[in-house]
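>>> give me a model of this one.
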Amino acid sequence: MTPRTSRRRRQVVTALLLTTIVSLTTTAHAATAAAGAPATTATRQASHAAPPVKIRGDVAHPRSFTLARLRALPQHTVRVRYQTSKGTEKHTFTGPLLLDVLALAEPRFKAETKNDQLRFFAAATGSDGYRAIVSFAELDPAFSGKKILLAVSQDGASLAAQGPRLVVPSDVKGGRYVSGVVQIHVGNVDALIDRRH
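Numbering: from 1, shown residues only. Model (predicted):
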């Protein structure tokens, strides 16, 4: 083997080694990026996730519901139309019935009091402090039986970042469509009314 041939072989081997190293490095970076992308996205989504909805007040078992837990309950879909300051809005909402959510906290209805549930209300509070109430007569199938939802999606888009929305399908105006619900307080009007009058 001549010195010239030996030198040429060394150059070829060096070139092949460099090509292999570059290829392996590129593949490793791509694999790391691919593996890290979902985790990064999940972390970003988790950091932007809305807080759980707290059920408090006159209930036997105060509870908190994440959006995932609300999704695990039986889902209902309603198409609504209501008036706002910007005009008429039409949307499709999906989520559990508010009645089903509140039933898990067990409102303290008294069996010995006739239609005791008619004395109760649920006050939904949004993350911005906005608040509206619905009565249990509206929720109860034996009375109005409205399909009032704690919606987890609007028009097919998840409300994970904003938080669930109170949806009252029969309302003409959208004032009770509380966005980003963070708390629902179950109350009894007996605690507010002076029985002496």
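>>> contacts, neighbours, all on C-alpha from now
OK.
>>> the residue lying closest to residue 83 once chain neighbours are set aside and residue 84: what is the separation?
Sequence neighbours aside, residue 173 is the residue nearest to residue 83 in space, at 4.5 Å (criterion: Cα to Cα, 6 or more residues apart in numbering). For residue 173, the distance to residue 84 (Cα to Cα, to the nearest Å) stands at 6 Å.
>>> which of these two has more neighbours?
residue 173 (17 against 12; other Cα atoms under 10 Å).
>>> ok, that one to residue 101 distance?
24 Å.
>>> same deal with residue 148?
Applying Cα to Cα to residue 148 and residue 101 gives a distance of 11 Å.
>>> those two: who's more crowded?
Comparing residue 148 with residue 101 by other Cα under 10 Å, the one with more neighbours is residue 148, at 22 against 19.
>>> contacting residues around the more buried one?
97-99, 139, 166-169 (Cα atoms under 8 Å, 6 or more residues apart in numbering).
>>> over to residue 122?
Counted by Cα under 8 Å, 6+ apart, residue 122 has contacts 133-136, 184-187.
>>> assign a three-state SS to it, would you?
Look at residue 122: counting by DSSP: H, G, I helix; E, B strand; the rest coil, its state is strand.
>>> again, but for residue 118
helix.
>>> was I right about it contacting residue 139?
No. Residue 118 sits out of contact with residue 139 when judged by Cα atoms under 8 Å, with a separation of 10.0 Å.
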